[in-house]
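A.B. asks: Fold the following for me, if possible:
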Amino acid sequence: MTQAIQKKLSESKAARWTALIIVSFTMMFAYFFTDVMSPLEPMLTAAKGADGVGLGWSPDDYGFFSGSYGYFNVFLLMLFFGGIILDKFGIRFTGIMSTVLMFGGALIKWYAVGNDFEGEMFGYPMQVIIACLGFAIYGVGCEIAGITVSKVIVKWFTGHELALAMGLQVALARIGTAGALALALPFAQKFGGVSASVGLGAALLCAGLISYLVYCVMDKKFDKEKALAAEAEEGFKFADLKLIFTNKGFWLITLLCLMFYAGVFPFLKFATKLMVTKYGIDPELAGLIPAMLPFGTIFLTPLFGSIYDKYGKGATLMVIGSILLTIVHGIFAIPTVTSVVVAIAAMILLGIAFGLVPSAMWPSVPKIIPMQLLGTAYAVIFYIQNIGLSMVPVMIGKVNQANTDANDVTDYTTSMAIFAICGVISIVIAIMLKMEDKKKGYGLEQANIKK
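C.D. replies: As a prediction, the model looks like this:
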(Lines give C-alpha, C1' and ligand atoms only; values in the text may rest on other atoms or scores of the structure.)
Protein backbone atom coordinates (compact mmCIF):
# COMPACT_ATOMS: atom_id res chain seq x y z
CA MET A 1 0.00 0.00 0.00
CA THR A 2 2.77 2.42 0.95
CA GLN A 3 4.61 1.77 -2.32
CA ALA A 4 1.45 2.50 -4.28
CA ILE A 5 0.98 5.79 -2.43
CA GLN A 6 4.60 6.75 -2.99
CA LYS A 7 4.31 5.98 -6.66
CA LYS A 8 1.17 8.08 -6.97
CA LEU A 9 2.89 11.03 -5.34
CA SER A 10 6.03 10.68 -7.40
CA GLU A 11 3.99 10.50 -10.58
CA SER A 12 2.40 13.88 -9.88
CA LYS A 13 4.21 16.10 -12.36
CA ALA A 14 2.60 19.25 -11.02
CA ALA A 15 3.82 18.48 -7.49
CA ARG A 16 7.41 17.70 -8.37
CA TRP A 17 7.90 20.57 -10.82
CA THR A 18 6.29 23.05 -8.42
CA ALA A 19 8.61 21.86 -5.66
CA LEU A 20 11.58 22.25 -7.97
CA ILE A 21 10.70 25.81 -8.99
CA ILE A 22 10.16 26.99 -5.42
CA VAL A 23 13.43 25.66 -3.99
CA SER A 24 15.30 26.77 -7.10
CA PHE A 25 14.37 30.38 -6.38
CA THR A 26 15.93 30.04 -2.93
CA MET A 27 19.20 28.85 -4.46
CA MET A 28 19.10 31.45 -7.23
CA PHE A 29 19.08 34.26 -4.66
CA ALA A 30 21.81 32.46 -2.70
CA TYR A 31 24.07 32.27 -5.74
CA PHE A 32 23.50 35.97 -6.38
CA PHE A 33 24.80 36.79 -2.93
CA THR A 34 27.72 34.36 -3.18
CA ASP A 35 29.18 36.26 -6.14
CA VAL A 36 27.89 39.76 -5.50
CA MET A 37 31.38 40.93 -4.41
CA SER A 38 33.24 39.33 -7.34
CA PRO A 39 32.79 42.19 -9.84
CA LEU A 40 33.36 44.72 -7.05
CA GLU A 41 37.06 43.86 -6.62
CA PRO A 42 38.21 47.02 -8.49
CA MET A 43 36.06 49.08 -6.12
CA LEU A 44 37.19 47.15 -3.04
CA THR A 45 40.89 47.56 -3.87
CA ALA A 46 40.62 51.24 -4.83
CA ALA A 47 42.17 53.65 -2.35
CA LYS A 48 39.90 54.25 0.63
CA GLY A 49 37.51 57.04 -0.17
CA ALA A 50 38.42 57.05 -3.88
CA ASP A 51 35.42 58.50 -5.71
CA GLY A 52 33.57 58.08 -2.42
CA VAL A 53 33.40 54.29 -2.77
CA GLY A 54 36.90 52.76 -2.45
CA LEU A 55 37.53 50.54 0.59
CA GLY A 56 41.31 50.27 0.30
CA TRP A 57 41.55 46.47 0.44
CA SER A 58 44.69 44.78 -0.90
CA PRO A 59 44.58 41.79 -3.28
CA ASP A 60 45.59 39.66 -0.28
CA ASP A 61 42.66 41.07 1.74
CA TYR A 62 40.29 40.23 -1.08
CA GLY A 63 41.67 36.70 -1.46
CA PHE A 64 41.33 36.09 2.29
CA PHE A 65 37.76 37.38 2.20
CA SER A 66 36.82 35.29 -0.86
CA GLY A 67 38.05 32.14 0.85
CA SER A 68 36.13 32.90 4.06
CA TYR A 69 32.97 31.45 2.51
CA GLY A 70 34.16 27.98 3.46
CA TYR A 71 36.21 28.60 6.62
CA PHE A 72 33.57 27.37 9.09
CA ASN A 73 32.52 24.55 6.79
CA VAL A 74 36.08 23.32 6.46
CA PHE A 75 37.71 23.99 9.84
CA LEU A 76 34.67 23.51 12.11
CA LEU A 77 33.15 20.65 10.06
CA MET A 78 29.84 22.53 9.98
CA LEU A 79 28.87 21.19 6.59
CA PHE A 80 29.48 17.58 7.64
CA PHE A 81 27.28 18.08 10.71
CA GLY A 82 24.72 19.75 8.47
CA GLY A 83 24.49 16.60 6.36
CA ILE A 84 23.88 14.46 9.44
CA ILE A 85 21.23 16.93 10.62
CA LEU A 86 19.57 16.69 7.20
CA ASP A 87 19.44 12.88 7.27
CA LYS A 88 18.36 12.82 10.92
CA PHE A 89 15.85 15.69 11.16
CA GLY A 90 14.65 16.06 7.61
CA ILE A 91 14.29 18.46 4.73
CA ARG A 92 12.01 21.05 6.29
CA PHE A 93 13.93 21.63 9.54
CA THR A 94 17.32 21.72 7.83
CA GLY A 95 16.16 23.96 5.01
CA ILE A 96 14.72 26.57 7.35
CA MET A 97 17.85 26.47 9.53
CA SER A 98 20.14 26.97 6.56
CA THR A 99 18.18 29.83 4.99
CA VAL A 100 18.10 31.67 8.33
CA LEU A 101 21.90 31.27 8.59
CA MET A 102 22.31 32.65 5.07
CA PHE A 103 20.24 35.72 5.81
CA GLY A 104 21.93 36.36 9.16
CA GLY A 105 25.41 36.07 7.68
CA ALA A 106 24.44 38.40 4.85
CA LEU A 107 23.34 41.08 7.30
CA ILE A 108 26.71 40.90 9.10
CA LYS A 109 28.58 41.24 5.82
CA TRP A 110 26.38 44.19 4.78
CA TYR A 111 27.10 45.90 8.10
CA ALA A 112 30.85 45.33 7.67
CA VAL A 113 31.26 46.83 4.21
CA GLY A 114 29.07 49.80 5.10
CA ASN A 115 31.09 50.96 8.10
CA ASP A 116 34.67 51.85 9.07
CA PHE A 117 36.48 49.97 11.82
CA GLU A 118 39.70 50.56 13.71
CA GLY A 119 42.50 48.06 14.18
CA GLU A 120 43.54 44.73 12.72
CA MET A 121 43.26 41.02 13.46
CA PHE A 122 45.41 38.24 12.01
CA GLY A 123 47.14 40.91 9.96
CA TYR A 124 43.93 41.99 8.21
CA PRO A 125 41.81 45.14 8.72
CA MET A 126 38.82 44.69 11.06
CA GLN A 127 36.44 45.55 8.23
CA VAL A 128 37.78 42.56 6.30
CA ILE A 129 37.57 40.32 9.38
CA ILE A 130 33.93 41.22 10.11
CA ALA A 131 33.01 40.82 6.44
CA CYS A 132 34.70 37.40 6.53
CA LEU A 133 32.70 36.44 9.62
CA GLY A 134 29.44 37.26 7.89
CA PHE A 135 30.48 35.49 4.69
CA ALA A 136 31.58 32.40 6.65
CA ILE A 137 28.23 32.18 8.46
CA TYR A 138 26.47 32.70 5.16
CA GLY A 139 28.64 29.97 3.63
CA VAL A 140 27.51 27.45 6.25
CA GLY A 141 23.88 28.19 5.46
CA CYS A 142 24.36 28.23 1.71
CA GLU A 143 26.16 24.89 1.54
CA ILE A 144 23.67 23.16 3.84
CA ALA A 145 20.85 24.67 1.78
CA GLY A 146 22.53 23.25 -1.33
CA ILE A 147 22.61 19.68 -0.02
CA THR A 148 19.05 20.06 1.27
CA VAL A 149 17.77 21.17 -2.12
CA SER A 150 19.66 18.31 -3.76
CA LYS A 151 17.87 15.85 -1.50
CA VAL A 152 14.54 17.57 -2.21
CA ILE A 153 15.07 16.99 -5.93
CA VAL A 154 16.10 13.35 -5.45
CA LYS A 155 12.97 12.86 -3.32
CA TRP A 156 10.64 14.09 -6.06
CA PHE A 157 12.45 13.01 -9.24
CA THR A 158 14.02 9.59 -8.64
CA GLY A 159 12.99 7.36 -11.53
CA HIS A 160 11.98 10.39 -13.58
CA GLU A 161 13.80 13.42 -15.02
CA LEU A 162 16.37 13.56 -12.20
CA ALA A 163 19.32 14.99 -14.15
CA LEU A 164 17.08 17.45 -16.00
CA ALA A 165 15.59 18.62 -12.71
CA MET A 166 19.01 19.08 -11.15
CA GLY A 167 20.17 20.80 -14.32
CA LEU A 168 17.26 23.23 -14.23
CA GLN A 169 17.92 23.97 -10.57
CA VAL A 170 21.55 24.68 -11.39
CA ALA A 171 20.46 26.80 -14.36
CA LEU A 172 18.26 29.01 -12.19
CA ALA A 173 21.08 29.25 -9.65
CA ARG A 174 23.41 30.37 -12.43
CA ILE A 175 20.98 33.17 -13.25
CA GLY A 176 21.75 34.43 -9.76
CA THR A 177 25.50 34.19 -10.42
CA ALA A 178 25.15 35.89 -13.80
CA GLY A 179 23.03 38.63 -12.29
CA ALA A 180 25.65 39.30 -9.65
CA LEU A 181 28.51 39.40 -12.14
CA ALA A 182 26.67 41.64 -14.58
CA LEU A 183 24.75 43.97 -12.26
CA ALA A 184 26.62 44.29 -8.96
CA LEU A 185 29.19 46.84 -10.15
CA PRO A 186 26.77 49.16 -12.02
CA PHE A 187 24.35 48.96 -9.08
CA ALA A 188 27.10 49.84 -6.60
CA GLN A 189 28.29 52.75 -8.75
CA LYS A 190 24.80 54.16 -9.04
CA PHE A 191 23.57 53.68 -5.49
CA GLY A 192 26.52 54.54 -3.29
CA GLY A 193 29.13 51.80 -3.21
CA VAL A 194 29.78 48.24 -2.20
CA SER A 195 27.22 48.18 0.61
CA ALA A 196 24.40 48.93 -1.85
CA SER A 197 24.98 45.75 -3.85
CA VAL A 198 25.54 43.66 -0.72
CA GLY A 199 22.31 45.06 0.74
CA LEU A 200 20.46 44.10 -2.44
CA GLY A 201 21.80 40.56 -2.09
CA ALA A 202 20.65 40.40 1.55
CA ALA A 203 17.15 41.50 0.54
CA LEU A 204 17.01 38.74 -2.08
CA LEU A 205 18.08 36.19 0.54
CA CYS A 206 15.13 37.27 2.66
CA ALA A 207 12.90 36.51 -0.31
CA GLY A 208 14.66 33.14 -0.66
CA LEU A 209 13.89 32.32 2.96
CA ILE A 210 10.22 33.08 2.39
CA SER A 211 10.28 30.95 -0.76
CA TYR A 212 11.59 27.96 1.17
CA LEU A 213 8.92 28.40 3.84
CA VAL A 214 6.34 28.12 1.07
CA TYR A 215 7.97 24.87 -0.06
CA CYS A 216 7.84 23.52 3.50
CA VAL A 217 4.08 24.10 3.62
CA MET A 218 3.70 22.24 0.33
CA ASP A 219 6.05 19.43 1.40
CA LYS A 220 4.24 18.88 4.68
CA LYS A 221 0.86 18.99 2.97
CA PHE A 222 1.81 16.39 0.39
CA ASP A 223 3.44 14.14 2.98
CA LYS A 224 0.29 14.29 5.08
CA GLU A 225 -2.24 13.93 2.26
CA LYS A 226 -0.42 11.07 0.60
CA ALA A 227 0.69 9.46 3.89
CA LEU A 228 4.20 9.37 2.46
CA ALA A 229 6.55 7.26 4.55
CA ALA A 230 9.63 9.42 4.82
CA GLU A 231 11.92 6.44 5.26
CA ALA A 232 14.92 8.39 3.98
CA GLU A 233 14.66 10.71 6.99
CA GLU A 234 13.86 7.97 9.52
CA GLY A 235 16.36 5.33 8.46
CA PHE A 236 19.62 7.13 9.21
CA LYS A 237 22.08 5.25 11.42
CA PHE A 238 25.61 6.35 12.27
CA ALA A 239 26.86 2.82 11.65
CA ASP A 240 25.78 3.15 8.01
CA LEU A 241 28.34 5.90 7.41
CA LYS A 242 30.83 3.16 6.53
CA LEU A 243 28.82 2.69 3.29
CA ILE A 244 30.00 6.16 2.31
CA PHE A 245 33.56 6.16 3.55
CA THR A 246 34.47 2.78 2.07
CA ASN A 247 32.99 3.50 -1.37
CA LYS A 248 35.69 4.19 -3.99
CA GLY A 249 33.23 5.54 -6.55
CA PHE A 250 31.93 8.06 -4.02
CA TRP A 251 35.43 9.32 -3.27
CA LEU A 252 36.24 9.69 -6.95
CA ILE A 253 33.15 11.86 -7.45
CA THR A 254 34.12 13.84 -4.35
CA LEU A 255 37.66 14.50 -5.59
CA LEU A 256 36.38 15.37 -9.05
CA CYS A 257 34.04 17.90 -7.47
CA LEU A 258 36.95 19.35 -5.47
CA MET A 259 39.28 19.83 -8.43
CA PHE A 260 36.71 20.84 -11.05
CA TYR A 261 34.98 23.46 -8.91
CA ALA A 262 38.37 24.72 -7.71
CA GLY A 263 39.01 25.60 -11.34
CA VAL A 264 35.71 27.46 -11.78
CA PHE A 265 34.31 29.33 -8.76
CA PRO A 266 37.62 30.72 -7.43
CA PHE A 267 38.43 31.76 -11.00
CA LEU A 268 35.22 33.79 -11.15
CA LYS A 269 36.32 35.70 -8.03
CA PHE A 270 39.25 37.12 -10.02
CA ALA A 271 37.87 37.03 -13.56
CA THR A 272 36.54 40.59 -13.68
CA LYS A 273 39.89 42.17 -12.80
CA LEU A 274 41.62 39.71 -15.16
CA MET A 275 39.49 41.07 -17.99
CA VAL A 276 40.41 44.65 -17.05
CA THR A 277 44.14 44.07 -16.51
CA LYS A 278 45.06 41.55 -19.20
CA TYR A 279 42.49 42.21 -21.91
CA GLY A 280 42.01 45.96 -21.45
CA ILE A 281 38.25 45.84 -21.07
CA ASP A 282 36.42 48.81 -19.54
CA PRO A 283 35.82 48.11 -15.82
CA GLU A 284 32.11 48.87 -16.19
CA LEU A 285 31.79 46.19 -18.88
CA ALA A 286 34.36 43.67 -17.66
CA GLY A 287 31.89 41.77 -15.48
CA LEU A 288 29.77 40.94 -18.51
CA ILE A 289 32.34 38.49 -19.90
CA PRO A 290 32.55 36.29 -16.77
CA ALA A 291 28.75 36.57 -16.63
CA MET A 292 28.65 34.69 -19.94
CA LEU A 293 29.71 31.53 -18.10
CA PRO A 294 26.63 31.19 -15.86
CA PHE A 295 24.37 32.42 -18.68
CA GLY A 296 25.71 29.64 -20.88
CA THR A 297 25.07 27.00 -18.23
CA ILE A 298 21.48 28.21 -17.88
CA PHE A 299 20.75 26.51 -21.19
CA LEU A 300 23.47 23.86 -21.34
CA THR A 301 23.10 22.23 -17.91
CA PRO A 302 19.45 21.24 -18.45
CA LEU A 303 20.32 20.13 -22.00
CA PHE A 304 23.14 17.87 -20.87
CA GLY A 305 21.02 16.69 -17.95
CA SER A 306 18.25 15.69 -20.33
CA ILE A 307 20.79 13.76 -22.41
CA TYR A 308 21.92 11.93 -19.27
CA ASP A 309 18.31 11.15 -18.33
CA LYS A 310 17.48 9.68 -21.74
CA TYR A 311 20.74 8.20 -22.98
CA GLY A 312 23.12 7.91 -20.01
CA LYS A 313 26.87 8.47 -20.55
CA GLY A 314 27.24 10.44 -17.31
CA ALA A 315 30.88 9.46 -16.72
CA THR A 316 31.75 10.32 -20.31
CA LEU A 317 30.20 13.78 -19.93
CA MET A 318 32.39 14.39 -16.88
CA VAL A 319 35.55 13.44 -18.79
CA ILE A 320 34.72 15.80 -21.67
CA GLY A 321 33.92 18.69 -19.31
CA SER A 322 37.22 18.26 -17.47
CA ILE A 323 39.15 18.36 -20.74
CA LEU A 324 37.44 21.61 -21.75
CA LEU A 325 38.23 23.16 -18.34
CA THR A 326 41.93 22.44 -18.85
CA ILE A 327 41.96 23.91 -22.35
CA VAL A 328 40.29 27.13 -21.20
CA HIS A 329 42.70 27.86 -18.36
CA GLY A 330 45.61 26.92 -20.58
CA ILE A 331 44.47 29.70 -22.92
CA PHE A 332 44.12 32.23 -20.10
CA ALA A 333 47.61 31.32 -18.85
CA ILE A 334 49.34 32.26 -22.11
CA PRO A 335 50.79 35.77 -21.52
CA THR A 336 50.89 36.78 -25.19
CA VAL A 337 47.21 36.02 -25.86
CA THR A 338 45.41 39.27 -25.02
CA SER A 339 42.63 39.28 -27.61
CA VAL A 340 39.18 40.10 -26.29
CA VAL A 341 37.70 37.70 -28.85
CA VAL A 342 39.83 34.86 -27.49
CA ALA A 343 38.78 35.73 -23.92
CA ILE A 344 35.12 35.61 -24.92
CA ALA A 345 35.58 32.31 -26.81
CA ALA A 346 37.39 30.78 -23.84
CA MET A 347 34.61 31.86 -21.49
CA ILE A 348 32.01 30.26 -23.77
CA LEU A 349 34.03 27.05 -23.77
CA LEU A 350 34.24 27.19 -19.98
CA GLY A 351 30.47 27.58 -19.90
CA ILE A 352 30.12 24.35 -21.87
CA ALA A 353 32.46 22.56 -19.45
CA PHE A 354 30.51 23.97 -16.52
CA GLY A 355 27.33 22.63 -18.05
CA LEU A 356 28.72 19.16 -18.71
CA VAL A 357 30.23 18.16 -15.38
CA PRO A 358 27.59 19.29 -12.84
CA SER A 359 24.73 17.98 -15.01
CA ALA A 360 26.24 14.49 -14.79
CA MET A 361 28.01 14.58 -11.42
CA TRP A 362 25.19 15.47 -9.02
CA PRO A 363 22.59 13.01 -10.40
CA SER A 364 25.25 10.27 -10.27
CA VAL A 365 25.55 10.40 -6.47
CA PRO A 366 22.16 8.69 -5.81
CA LYS A 367 23.30 5.83 -8.05
CA ILE A 368 26.19 5.16 -5.68
CA ILE A 369 24.79 6.11 -2.24
CA PRO A 370 21.42 4.96 -0.72
CA MET A 371 18.73 7.55 -0.05
CA GLN A 372 18.93 7.38 3.76
CA LEU A 373 22.56 8.53 3.59
CA LEU A 374 22.21 10.96 0.72
CA GLY A 375 22.25 14.11 2.84
CA THR A 376 25.45 13.06 4.57
CA ALA A 377 27.00 12.00 1.25
CA TYR A 378 26.27 15.36 -0.37
CA ALA A 379 27.55 17.07 2.79
CA VAL A 380 30.88 15.24 2.59
CA ILE A 381 31.19 16.16 -1.08
CA PHE A 382 30.35 19.80 -0.38
CA TYR A 383 32.74 19.77 2.60
CA ILE A 384 35.65 18.60 0.47
CA GLN A 385 34.58 21.06 -2.23
CA ASN A 386 34.70 23.85 0.34
CA ILE A 387 38.35 23.09 1.04
CA GLY A 388 39.05 24.12 -2.53
CA LEU A 389 36.64 27.04 -2.45
CA SER A 390 38.31 28.33 0.71
CA MET A 391 41.98 27.64 0.14
CA VAL A 392 42.30 28.29 -3.61
CA PRO A 393 41.13 31.95 -3.49
CA VAL A 394 43.55 32.63 -0.62
CA MET A 395 46.39 31.05 -2.60
CA ILE A 396 45.46 32.90 -5.80
CA GLY A 397 45.18 36.17 -3.87
CA LYS A 398 48.72 35.73 -2.54
CA VAL A 399 50.03 34.70 -5.97
CA ASN A 400 48.43 37.76 -7.56
CA GLN A 401 49.83 39.95 -4.79
CA ALA A 402 53.32 38.64 -5.53
CA ASN A 403 52.84 39.28 -9.25
CA THR A 404 51.43 42.83 -8.96
CA ASP A 405 53.79 45.66 -9.80
CA ALA A 406 54.00 49.18 -8.40
CA ASN A 407 51.40 50.39 -10.91
CA ASP A 408 48.84 47.86 -9.61
CA VAL A 409 49.12 45.76 -12.79
CA THR A 410 48.91 42.02 -12.14
CA ASP A 411 50.49 39.25 -14.22
CA TYR A 412 47.97 36.40 -14.14
CA THR A 413 50.15 33.75 -15.84
CA THR A 414 50.96 31.80 -12.67
CA SER A 415 47.46 31.93 -11.20
CA MET A 416 45.86 30.77 -14.47
CA ALA A 417 48.40 27.94 -14.68
CA ILE A 418 47.26 26.81 -11.22
CA PHE A 419 43.68 26.65 -12.47
CA ALA A 420 44.85 24.65 -15.52
CA ILE A 421 46.51 22.11 -13.20
CA CYS A 422 43.14 21.68 -11.47
CA GLY A 423 41.73 20.79 -14.87
CA VAL A 424 44.42 18.19 -15.60
CA ILE A 425 43.79 16.47 -12.27
CA SER A 426 40.04 16.53 -13.01
CA ILE A 427 40.62 14.65 -16.25
CA VAL A 428 42.55 11.89 -14.49
CA ILE A 429 39.90 11.51 -11.78
CA ALA A 430 37.02 11.46 -14.31
CA ILE A 431 38.71 8.70 -16.30
CA MET A 432 39.26 6.70 -13.09
CA LEU A 433 35.56 7.16 -12.22
CA LYS A 434 34.52 5.86 -15.61
CA MET A 435 36.73 2.78 -15.13
CA GLU A 436 35.33 2.21 -11.62
CA ASP A 437 31.77 2.47 -12.93
CA LYS A 438 32.53 -0.18 -15.55
CA LYS A 439 33.98 -2.41 -12.82
CA LYS A 440 31.30 -1.94 -10.14
CA GLY A 441 28.24 -1.33 -12.34
CA TYR A 442 26.96 1.85 -10.66
CA GLY A 443 25.01 2.72 -13.79
CA LEU A 444 26.64 6.08 -14.46
CA GLU A 445 26.58 5.34 -18.19
CA GLN A 446 22.92 4.28 -18.05
CA ALA A 447 19.83 6.47 -18.50
CA ASN A 448 18.09 7.86 -15.39
CA ILE A 449 14.51 7.58 -16.68
CA LYS A 450 13.07 4.20 -15.87
CA LYS A 451 10.84 2.91 -18.64
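A.B. asks: List the buried residues in the helix or strand harbouring residue 167.
C.D. replies: Per DSSP states H and E, residue 167 falls inside helix 162-191. Neighbour counts over helix 162-191 (16 or more other C-beta atoms under 10 Å) mark 162-185, 187-189 as buried. Glycine gets a C-beta too; all of them are placed from N, C-alpha and C.
A.B. asks: what's in contact with stretch 150-164?
C.D. replies: 10, 15-16, 19-20, 23, 86, 91, 95, 165-166, 169, 215, 219, 232, 302, 304-306, 308-309, 314, 359-360, 362-363, 365-366, 371, 374-375, 378, 448-450 (C-beta atoms under 8 Å, 6 or more residues apart in numbering).
A.B. asks: which residues touch the closest residue to residue 39 other than its chain neighbours?
C.D. replies: Distances taken as C-beta to C-beta, 6 or more residues apart in numbering put residue 287 closest to residue 39, at 3.7 Å, once the chain neighbours are dropped. Contact partners of residue 287, counting by C-beta under 8 Å, 6+ apart, are 38-39, 181-182, 184-185, 272, 275.
A.B. asks: how close does residue 287 get to residue 179?
C.D. replies: From residue 287 across to residue 179, the span is 11 Å (C-beta to C-beta, to the nearest Å).
A.B. asks: now residue 136
C.D. replies: In terms of C-beta to C-beta, residue 136 sits 23 Å off from residue 179.
A.B. asks: How about residue 244?
C.D. replies: 35 Å.
A.B. asks: Residue 369 against residue 375, yeah?
C.D. replies: No - in this structure residue 369 lies outside contact range of residue 375 using C-beta atoms under 8 Å: 9.8 Å.
A.B. asks: Could you check which of those two has the larger neighbour count?
C.D. replies: More crowded of residue 369 and residue 375, by other C-beta atoms under 10 Å: residue 375, with 30 against 22.
A.B. asks: Surely that one is within a helix?
C.D. replies: Yes - counting by DSSP: H, G, I helix; E, B strand; the rest coil, residue 375 falls inside a helix.
A.B. asks: please renumber so the chain begins at 12
C.D. replies: I'll keep to 12 as the first residue from here, and by that count the last item is residue 386.
A.B. asks: Which pLDDT value goes with it?
C.D. replies: The per-residue pLDDT reported for residue 386 equals 84.
A.B. asks: what's the following helix or strand after the helix or strand of the chain with the lowest mean pLDDT?
C.D. replies: In the chain, the helix or strand scored least confidently by mean pLDDT, DSSP states H and E is helix 242-245, which has a mean of 44. For helix 242-245, the following helix or strand on the C-terminal side (DSSP H and E) is helix 253-256.
A.B. asks: What is the helix or strand following that next one packed up against?
C.D. replies: With elements assigned by DSSP H and E, the helix or strand that comes after helix 253-256 is helix 259-273. If you count contacts as 3 or more C-beta pairs under 8 Å, 6 or more residues apart in numbering; DSSP states H and E, helix 259-273 packs onto helix 325-344, helix 351-379, helix 385-413, helix 424-451.
A.B. asks: pLDDT weak spots in the stretch 212-361 of the chain?
C.D. replies: 233-234, 236-250 (pLDDT under 70).
A.B. asks: ok so, going back, for PyMOL, write the selection for the buried entries among the contacts of stretch 161-175.
C.D. replies: If you want just the buried ones from these in PyMOL, going by 16+ other C-beta under 10 Å, the selection is:
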select buried, resi 21+26+27+30+31+34+97+102+106+176+177+180+226+230+243+313+315+316+317+319+320+325+370+371+373+374+376+377+382+385+386+389+459+460
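A.B. asks: In contact with the nearest residue to residue 180 once chain neighbours are set aside, which residues?
C.D. replies: Closest residue to residue 180 apart from its sequence neighbours, by C-beta to C-beta, 6+ apart: residue 35 at 4.7 Å. By C-beta under 8 Å, 6+ apart, the contact set of residue 35 is 160, 179-180, 183-184.
A.B. asks: per-residue pLDDT, residue 449?
C.D. replies: Residue 449 is given a pLDDT of 92.
A.B. asks: Would you quantify the distance from residue 130 to residue 82?
C.D. replies: Distance from residue 130 to residue 82, by C-beta to C-beta: 20 Å.
A.B. asks: of those two, who's got more company?
C.D. replies: A direct count of neighbours by other C-beta under 10 Å for residue 130 and residue 82 places residue 82 higher, at 22 against 8.
A.B. asks: Just send the helices and strands packed on helix 259-273 back as TSV, with distance to residue 117 too.
C.D. replies: Output for the helices and strands packed on helix 259-273, formatted as TSV (distance: least, C-beta to C-beta, whole Å):
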stretch	distance to residue 117
helix 325-344	30
helix 351-379	24
helix 385-413	17
helix 424-451	28
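A.B. asks: so which of these gets nearest residue 306?
C.D. replies: helix 351-379 (7.4 Å; C-beta to C-beta).
A.B. asks: Any idea how far the closest one is from the middle of the chain?
C.D. replies: Helix 351-379 has its C-alpha centroid displaced from the chain centroid by 12 Å (C-alpha atoms, centre = their mean, to the nearest Å).
A.B. asks: and the direction of that helix versus that of helix 385-413, what angle?
C.D. replies: Helix 351-379 and helix 385-413 are oriented at 150 degrees to each other (axes from the mean of the first three to the mean of the last three C-alpha atoms, to 10 degrees).
A.B. asks: for helix 351-379, packing partners?
C.D. replies: helix 137-168, helix 173-202, helix 259-273, helix 299-322, helix 325-344, helix 385-413.
A.B. asks: So which of the ones you listed is nearest residue 70?
C.D. replies: Closest among those, using C-beta to C-beta: helix 385-413, at 4.6 Å.
A.B. asks: Next, the closest residue to residue 350 other than its chain neighbours: secondary structure please.
C.D. replies: Nearest non-adjacent residue to residue 350, counting by C-beta to C-beta, 6+ apart: residue 290, 7.6 Å away. Secondary structure, three-state DSSP: residue 290 is coil.
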